[in-house]
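**Student:** Fold the stuff below for me.
(2 chains)
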There are 2 protein chains.
Amino acid sequence: MTARKQLPDTQAGMRRRNLARVMHTVRDEGPLSRAAVASHIGLTRAAVSTLVDDLVRWGLLEELGPERNGATGRGRPGSALAVSARGPAGIGAEVGVDHLAVCAVDLRGEVRARAVRYGPNRGRAAEPALAELGLLVRQVVAEAEAEGLWAAGLTVAVPGLVARDARTVVRAPNLGWHRTDLGALLSCGLEPTVDNEANLGGLAELWLGKDTPPDFLHVSAEIGIGAALVVDGRLLRGVRGFAGELGHVPVRPDGPPCGCGGIGCLEQYAGEDAVLRRVGLDPGEGRVGLLAERAGAGDEAVRAALHDAGTALGIALTGAVNLLDPQAVVLGGELSALAPWLLPSLREELSGRTAGRSCEVSVSRLGPEGPLLGAAHSVIRAVLDDPASVAERNA
Amino acid sequence: MTARKQLPDTQAGMRRRNLARVMHTVRDEGPLSRAAVASHIGLTRAAVSTLVDDLVRWGLLEELGPERNGATGRGRPGSALAVSARGPAGIGAEVGVDHLAVCAVDLRGEVRARAVRYGPNRGRAAEPALAELGLLVRQVVAEAEAEGLWAAGLTVAVPGLVARDARTVVRAPNLGWHRTDLGALLSCGLEPTVDNEANLGGLAELWLGKDTPPDFLHVSAEIGIGAALVVDGRLLRGVRGFAGELGHVPVRPDGPPCGCGGIGCLEQYAGEDAVLRRVGLDPGEGRVGLLAERAGAGDEAVRAALHDAGTALGIALTGAVNLLDPQAVVLGGELSALAPWLLPSLREELSGRTAGRSCEVSVSRLGPEGPLLGAAHSVIRAVLDDPASVAERNA
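**Tutor:** Sure, this is the predicted structure:
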C-alpha cells in the first residue's frame, strides 16, 4: 500500500496558490486592471486587491498608472498592472563541451544581459572551468543589477546525469566529470541549482516554443543524445533524476560497445562523434556546420551517414513513442541544424514501425540556445509559481 | 507558450479534498475517533466533525459505537469510525483471451462477490462475449446487493488499446476486436469505464502490492506484453491512452514482422504465442502451466526459449529504464508464473546494459488476478478520492 500524503488544505496554502495565479495572469494577459485580473481567475475584486498589494510591495508587479478606458468605455478606470521589469532576474548558465555561457532573464521573459566564452571543456578539470564560469556569472549579475534587477537564483545546465540533490553531476562523460559537486566548486555569490541540459532544453521548448503541446518528447541531439519527457506540462525526472537517457536506448542489441557500458546504444549511431567518425572527421568545434555544408553540397558519404543516423533515431524513438504516447517529438540541440538530412529517414522509420500509434516530429526553433534559456527561465518560473517565496527570502 | 489553468482555489474545492483526506485516513488507519482523525490530518476536531457527519450520512463511514479508552486512558471516549462494509461496491470485470470474470470489492478492499466463465474469446465476436459478460455483471451486482452493498461503478479490463473516452476499444488484436464501443454493447445496468488490462494490473500493484514504490514499471506479460508506467503514484496514460506498449518496442530492428505493423517487436520474442511457437506448441488455455511443468522437468528446448524471451525482455526494458528511471520493474501477468526461467537472462541483460542506472526487478504477488482487482479497486479509489461525488450522484 502506497502511503498517501495527508497534508491539510489550509487558507495559507490557498492564498499562496492564488498569488501565483495573479502573477501568471498578469504575465500572460497583462497589462490588466485589478478588476480584469479578478474576472480572469474567478475571485472577487476585493480578494484580488489584497493579493496585488502584496505583489506590488514585493516588487513583482508594477502599476502603470491610470488605465485608459477599454473599447467598451464601461466601468471606472483602474491602474493597469504589469510584471515588473526591475524585479527579480533568473540567472542561467551553461557548461557546454565547447563553450561557457551565462544570461539574465527578467520576469517578462526578456534576456537583459549575457556573456559567452568559447573554448574546449572536454577533458578540462572541473575547477578551472567552474572558476571561469563563476566570473561570467558575477559579470552578468553586475550587468543585471545596473539595470535595476536583482538575481533571484542561478540554474546551471550541464551535459550529464545530475543527482536529485540538483547540485552533484554524477557523470558527464563528454566533459570527463565524475561526482562533481557544483554546489561546492562554483563560487559566484549564488547557490546553483544544477540540471541536465536536455531537461532544460525541453523545458525551454515547453515555456517558449510556439504551439508546443503539454505532452511531448524533446530530443537534444549533440555529442550525447538526451531527451526531456514532458507529460501534462511537467518534466518527468525519474527517481534518481536520470530519466530521458534516449542516447542509451539499444538500437541494435549486438552493435558496437558504448562508453556507458551498454551495447548498440543510439549514441553509437546518431551522436555527433559517431557521425563524424563515420565520415572520417575528428571531433571539434564547428563540426556540425561543416557537416551541414557538405550535406548541402551533395556529399554522398555525409548524406548516407546522416540518413543512417536518422534511421537509428527513428528506431529508438519508436520505443519511446510506444512507451509514452506523446503528442509530438521535437528535435532540438546542435544536431537539429542537420534536420533536413536526418528527418526523412527518422520519420520513415518511426511511422513505418508505429502504424496508427505514431506522432508528429518537428524541429525546435530554439536550437542550441534552449538549455541556457531554460536554465534562466526555470528561476523565473519558480518566482511566478510561488511569489510568496520571494517575500520570505527577502524578509 | 503553454496555457496554464487559471481555476481559483475555492472553499468548496478545499472541503471536497478534505472529505477525501478523512476517508483515506479512516481507511488506512481506522477504526479511529474523530479526535484521532483530526490529529492525523491536521484539522480541528470541529472541522473534522462536520466532514464526518456528511460521510456518515452518505453511508461511507460508520460509527462502531463508543470507543473503549486507549492505552493511556486519557480523554473522553469517542465513537470509533470505520469505512462502511455496507456502502458502495466497486464492480470490476475482465475480458480475457480465455475467460470472462467479474468481482465486487467493498470500501474496505474486500472481495464480496465474484464470477468466472472459462472459454475462448479469441476471434469471438464482441456482441456474444459482451452479452455473457453483462449477465455475469448482473449476477455479481445482485450478490453484492444481497450483502447490503450498492454498485458505485463498473470498470472493465480488456487486452487492447482503449481510447481516452474510456469506452472504445480501438484495437484488441488478441480478441480480434476493432473500434468496439463497450459503452454501447455492454448492457448490464451500469455505465462501464473501460481500461487496458496492463494499466489496471499496474494500478492493482500500486494499491495492493506490498512495499510497492510510487515510481515503477509494471510488465503484464501474456499473449500481448503491456506495461503500466507509474510515476509518483500516478499512471501515465499518454495523449491517446496508448502509453505502455512495451510489447512493440523494437528489440531487433531487422527481426520478424509483427501484427502491429512493426518489425522485431518484443512480442515476437517474449509473447506467449512466440514462446509456444518456438517450442512447437499450439496456443490455447493452460499453456503457461504446461511450459512451467516442462521447464521445471528440465526440458532444454523450453528452457532455451524462456532464456531467450528473458533476454528480449531485458533489451526492451533497458530502453524503458533509460527513458523513465523507475525505482523498480515488477513482472506480472500470466507469464510471471515462468519467472524462474525468465528472470536470470532478463536481469543479466538489463544490468549489463545499464551499468549504474539499473533498477530492481521483482515478481508481482497478484499474478493474473491483477487486472480484475485493479478494475474493481479503481471504482473504490474514485469514491475515496472524491466522496462528495457519491452524494451528488445519489442526490
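**Student:** need the contact list for the closest residue to residue A:364 other than its chain neighbours.
**Tutor:** Closest residue to residue A:364 apart from its sequence neighbours, by Cβ to Cβ, 6 or more residues apart in numbering or on different chains: residue A:332 at 3.5 Å. Glycine gets a C-beta too; all of them are placed from N, C-alpha and C. Shown in contact with residue A:332 (Cβ atoms under 8 Å, 6 or more residues apart in numbering or on different chains): A:201, A:202, A:205, A:218, A:219, A:220, A:221, A:363, A:364, A:366, A:367, A:370.
**Student:** The helix or strand hosting the second one close to chain B?
**Tutor:** Secondary structure assignment for residue A:202, by DSSP states H and E: helix A:197-208. Yes - for helix A:197-208 and chain B, the contact criterion (Cβ under 8 Å from any Cβ of the partner chain) is met by A:206, A:207, A:208.
**Student:** contact partners of that helix?
**Tutor:** Helix A:197-208 is contacted from outside by A:92, A:94, A:96, A:109, A:155, A:157-159, A:212, A:214, A:216, A:218-220, A:226-230, A:233, A:235, A:237, A:244, A:330, A:332-333, A:364, A:366, A:369-375, A:377-378, A:381, B:1-2, using Cβ under 8 Å, 6+ apart.
**Student:** how far out from the middle of the chain is that helix?
**Tutor:** Taking Cα atoms, centre = their mean, to the nearest Å, the mean C-alpha location of helix A:197-208 is offset from the chain mean by 3 Å.
**Student:** Show me what secondary structure element comes after it.
**Tutor:** Next helix or strand after helix A:197-208 toward the C-terminus (DSSP H and E): strand A:216-221.
**Student:** and the residue nearest to residue A:364, what pLDDT?
**Tutor:** Per-residue pLDDT puts residue A:332 at 92.
**Student:** returning to that earlier point: take the contacts of helix A:197-208 and, keeping just the buried ones, write it as a ChimeraX select command.
**Tutor:** Applying 16 or more other Cβ atoms under 10 Å in any protein chain shown to these leaves a buried subset, and the ChimeraX line that selects it is:
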select /A:92,94,96,109,155,157,158,159,212,214,216,218,219,220,226,227,228,229,230,235,237,244,330,332,333,364,366,369,370,371,372,373,374,375,377,378,381
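**Student:** quick revisit: name the member of the residues of helix A:197-208 next to chain B that has the highest neighbour count.
**Tutor:** The residue in the residues of helix A:197-208 next to chain B with the most neighbours, by other Cβ atoms under 10 Å in any protein chain shown, is residue A:206 (24 neighbours).
**Student:** Give me the pLDDT value at that one.
**Tutor:** On pLDDT, residue A:206 comes in at 96.
**Student:** Can you show me the CA trace of the helix holding residue A:202 as CSV?
**Tutor:** C-alpha atoms of helix A:197-208 as CSV (Å, rounded to 0.1, in the frame of the first residue of the first chain):
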residue,chain,number,x,y,z
GLU,A,197,20.9,20.3,-20.4
ALA,A,198,18.4,18.0,-22.2
ASN,A,199,15.9,18.6,-19.3
LEU,A,200,16.4,22.4,-19.6
GLY,A,201,16.2,22.3,-23.4
GLY,A,202,12.8,20.5,-23.1
LEU,A,203,11.5,23.0,-20.5
ALA,A,204,12.6,25.9,-22.7
GLU,A,205,10.6,24.3,-25.5
LEU,A,206,7.5,24.0,-23.2
TRP,A,207,7.8,27.5,-21.9
LEU,A,208,9.0,29.4,-25.0
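**Student:** Next up, the contacts around the residue in the stretch 151-300 of chain A positioned nearest to chain B.
**Tutor:** Closest residue of the stretch 151-300 of chain A to chain B, Cβ to the nearest Cβ: residue A:238 (2.4 Å). Counting by Cβ under 8 Å, 6+ apart, residue A:238 makes contact with A:244, B:215, B:324, B:325, B:326.
**Student:** quick one: buried residues of the helix or strand of chain A with the lowest mean pLDDT?
**Tutor:** None of the helices or strands of chain A scores lower by mean pLDDT, DSSP states H and E than helix A:388-394, at a mean of 80. Buried residues in helix A:388-394, counted by 16+ other Cβ under 10 Å: A:388, A:389, A:390.
**Student:** Would it count as contacting chain B?
**Tutor:** No - using Cβ under 8 Å from any Cβ, we find that helix A:388-394 stays clear of chain B, coming within 13.9 Å at best.
**Student:** And for stretch A:39-56?
**Tutor:** Yes - residues of stretch A:39-56 contacting chain B under Cβ under 8 Å from any Cβ: A:40, A:41, A:42, A:43.
**Student:** how about that stretch as PDB, C-alpha atoms only?
**Tutor:** Presented in PDB, the C-alpha positions along stretch A:39-56 are these (Å, rounded to 0.1, in the frame of the first residue of the first chain):
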ATOM      1  CA  SER A  39     -12.600  38.200 -13.700                       C
ATOM      2  CA  HIS A  40      -9.800  36.100 -15.300                       C
ATOM      3  CA  ILE A  41      -9.200  34.000 -12.200                       C
ATOM      4  CA  GLY A  42     -12.700  33.900 -10.800                       C
ATOM      5  CA  LEU A  43     -12.000  35.600  -7.500                       C
ATOM      6  CA  THR A  44     -13.600  38.800  -6.100                       C
ATOM      7  CA  ARG A  45     -12.100  42.200  -6.900                       C
ATOM      8  CA  ALA A  46     -11.500  42.700  -3.100                       C
ATOM      9  CA  ALA A  47      -9.700  39.300  -2.800                       C
ATOM     10  CA  VAL A  48      -7.500  40.100  -5.800                       C
ATOM     11  CA  SER A  49      -6.700  43.600  -4.500                       C
ATOM     12  CA  THR A  50      -5.100  42.300  -1.300                       C
ATOM     13  CA  LEU A  51      -3.100  39.800  -3.300                       C
ATOM     14  CA  VAL A  52      -2.000  42.500  -5.800                       C
ATOM     15  CA  ASP A  53      -1.000  44.900  -2.900                       C
ATOM     16  CA  ASP A  54       1.500  42.300  -1.700                       C
ATOM     17  CA  LEU A  55       2.900  41.500  -5.100                       C
ATOM     18  CA  VAL A  56       3.500  45.300  -5.700                       C
END
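**Student:** buried set for that stretch?
**Tutor:** For stretch A:39-56, the neighbour count (16+ other Cβ under 10 Å) marks A:40, A:41, A:43, A:48, A:51, A:52, A:54, A:55 as buried.
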